[in-house]
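Asker: Structure here, sequence nowhere to be found:
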Ligand SMILES: NC(=O)c1ccc[n+]([C@@H]2O[C@H](COP(=O)([O-])OP(=O)(O)OC[C@H]3O[C@@H](n4cnc5c(N)ncnc54)[C@H](O)[C@@H]3O)[C@@H](O)[C@H]2O)c1
Ligand SMILES: O=C(O)C(=O)C[C@]1(C(=O)O)C=C[C@@H](O)C=C1
């Protein structure tokens, strides 16, 4: 029997989930977005199998509903769900970056016999919209589920059996743990990134050249400030308390730095950066769209043009690469070229292509 999945909100996240879940057997993905052009793109780019102009039209026949909408819009949809003619066994979930308010609303749905299990894939990008969607966006990323207390194991298993096609690492946490942890690693850094950009904006009058000098460091630290403001407005409103707690901690940290700058010895200052470096270097490797673990090591002989030769082979076979670097660890006539790919499949194709075309040895670290 075909399982029907309705995805509401077909932007970066909803579109990526829809693409990933197309790999699930006997599963039909139906999409809805409030934006007509997004619906059109989703259909022509085959992001969904079918598109509807009104989700209510298919509500009674779907087995799973996934919200890929900004978190305040998700709350509105959850309210509307209460009066929809849903299947008894429907499982409803979301992808939103905040969970406490959404799970409060989920308790109201439970009273009406509707199963809602909160979800949040910890991968994304500053890009938004359906055109940025990618099937592999969640590969190896954490995917947090926030079930209500006492959620039936069979419901969890049903949802996980579908989400496994995202190739994410599914974990369960409570809604309040979720909102605390994401405030630390995602929501508050977002506020800081935006504040740094505002601070740069303040330089425009007297030092207009400053913005032209914003190179790697500033760009790395502020990339996320280019995200969709509506998304972040909603996240901030829903996780305001945790953000205020983070802000208190940040103010204390800034006071510590101020004291360090005014009174600290050069050793104190060095220690401050050394401890930060150690903590940062120990972070587990990130997954998701920006960082992929799909590196291929290639032993390449040291002659001019060898790198463009290798990348040319890959281009000939339409294998896209996400990053490229050379490891300078040896001094003999070979070097190690490290090429990153978006997926396991791309890496396997690349290894086969390089071995066939150049017979350079390839290996995975
Ligand atoms: N961007 C990220 O990095 C990221 C990562 C993980 C989770 N999330 C969460 O995923 C959700 C979607 O984020 P996104 O990055 O895909 O945003 P997006 O802006 O790319 O897409 C949102 C989509 O929802 C549609 N939409 C907005 N309001 C709607 C409504 N009321 N009804 C139907 N459609 C509506 C928009 O037209 C758009 O297509 C958010 O809840 C966000 O918190 C985002
Ligand atoms: O990589 C980015 O651009 C993101 O902002 C992704 C990011 C994050 O902060 O890590 C943003 C919001 C999400 O809810 C999950 C992931």
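Answerer: Structure's in. What do you need? As the structure is a computational prediction, the values presented were derived from the model and not from experiment. Ligands and ions are numbered 1, 2, ... in the order given.

Asker: Every contact and neighbour count from this point should use C-alpha atoms.
Answerer: Fine.

Asker: Tell me which other helices or strands the longest helix along the chain touches.
Answerer: Assignment by DSSP state H gives helix 240-263 as the longest helix of the chain. For helix 240-263, the elements it packs on are helix 188-201, helix 266-281, judged by 3 or more Cα pairs under 8 Å, 6 or more residues apart in numbering; DSSP states H and E.

Asker: Which other helices and strands does the next helix or strand along the chain from the shortest one contact?
Answerer: Taking DSSP states H and E as the definition, the helix or strand that follows helix 188-201 towards the C-terminus is helix 216-222. Secondary-structure packing of helix 216-222 (3+ Cα pairs under 8 Å, 6+ apart): helix 188-201.

Asker: mind listing what the residue nearest to residue 343 when sequence neighbours are not counted touches?
Answerer: Of all residues not flanking residue 343 in the chain, residue 294 sits nearest, at 6.1 Å (Cα to Cα, 6 or more residues apart in numbering). Residues in contact with residue 294 (Cα atoms under 8 Å, 6 or more residues apart in numbering) are 340, 341, 342, 343, 344, 347.

Asker: Those residues in helices, which ones?
Answerer: Using DSSP H, the contacts of residue 294 in helices are 344, 347.

Asker: From the contacts of residue 294, pick the one nearest ligand 1.
Answerer: Ligand 1 has its nearest neighbour among the contacts of residue 294 in residue 342, at 16.8 Å by Cα to the nearest ligand atom.

Asker: Could you check how far that closest one is from residue 135?
Answerer: Distance of residue 342 to residue 135, computed by Cα to Cα, to the nearest Å: 10 Å.

Asker: So for those two, which sits in the more crowded spot?
Answerer: residue 342 (24 against 21; other Cα atoms under 10 Å).

Asker: Now do stretch 90-103: distance to the chain's middle.
Answerer: In terms of Cα atoms, centre = their mean, to the nearest Å, the centre of stretch 90-103 is found 16 Å from the chain centre.

Asker: which residues sit against it?
Answerer: With Cα under 8 Å, 6+ apart as the test, stretch 90-103 has contacts from 13-14, 62-71, 74-75, 114-121, 146, 148, 155, 159, 175-176, 178-179, 182, 235, 238-239.

Asker: Tell me which of the helices and strands packed on helix 240-263 sits most buried.
Answerer: Highest mean neighbour count among these (mean count of other Cα atoms under 10 Å): helix 188-201, with a mean of 17.

Asker: what helices or strands is that one leaning on?
Answerer: With contacts defined as 3+ Cα pairs under 8 Å, 6+ apart, the packing partners of helix 188-201 are helix 216-222, helix 240-263.

Asker: and residue 337, what element?
Answerer: Per DSSP H and E: residue 337 is located in strand 334-341.

Asker: any idea whether the residue sitting nearest the centre point of the chain is helix, strand or coil?
Answerer: When Cα atoms, centre = their mean is applied to the chain, the residue found nearest the centroid is residue 123 (1.6 Å). When classified by DSSP: H, G, I helix; E, B strand; the rest coil, residue 123 comes out as coil.

Asker: got it, and the one 3 residues further on?
Answerer: Secondary structure of residue 126, reduced to three states by three-state DSSP: coil.

Asker: Ramachandran angles for whichever residue of the stretch 51-200 of the chain sits closest to ligand 2?
Answerer: Per Cα to the nearest ligand atom, residue 125 is where the stretch 51-200 of the chain lies closest to ligand 2, at 3.2 Å. Per-residue torsions, residue 125: phi -170, psi 170 (degrees, to the nearest 10).

Asker: if we can go back for a sec, could you dump the helices and strands packed on helix 240-263 into TSV with mean pLDDT and distance to ligand 2 added?
Answerer: TSV is the format used below for those (pLDDT from 0 to 100; distance: least, Cα to the nearest ligand atom, whole Å):
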stretch	mean pLDDT	distance to ligand 2
helix 188-201	97	7
helix 266-281	96	15
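
Asker: CSV for those, including distance to ligand 1?
Answerer: Converted to CSV, these look like this (distance: least, Cα to the nearest ligand atom, whole Å):
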stretch, distance to ligand 1
helix 188-201, 11
helix 266-281, 21
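
Asker: would you list those helices in a markdown table and tack on distance to residue 359?
Answerer: Output for the helices and strands packed on helix 240-263, formatted as a markdown table (distance: least, Cα to Cα, whole Å):
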| stretch | distance to residue 359 |
| --- | --- |
| helix 188-201 | 45 |
| helix 266-281 | 35 |
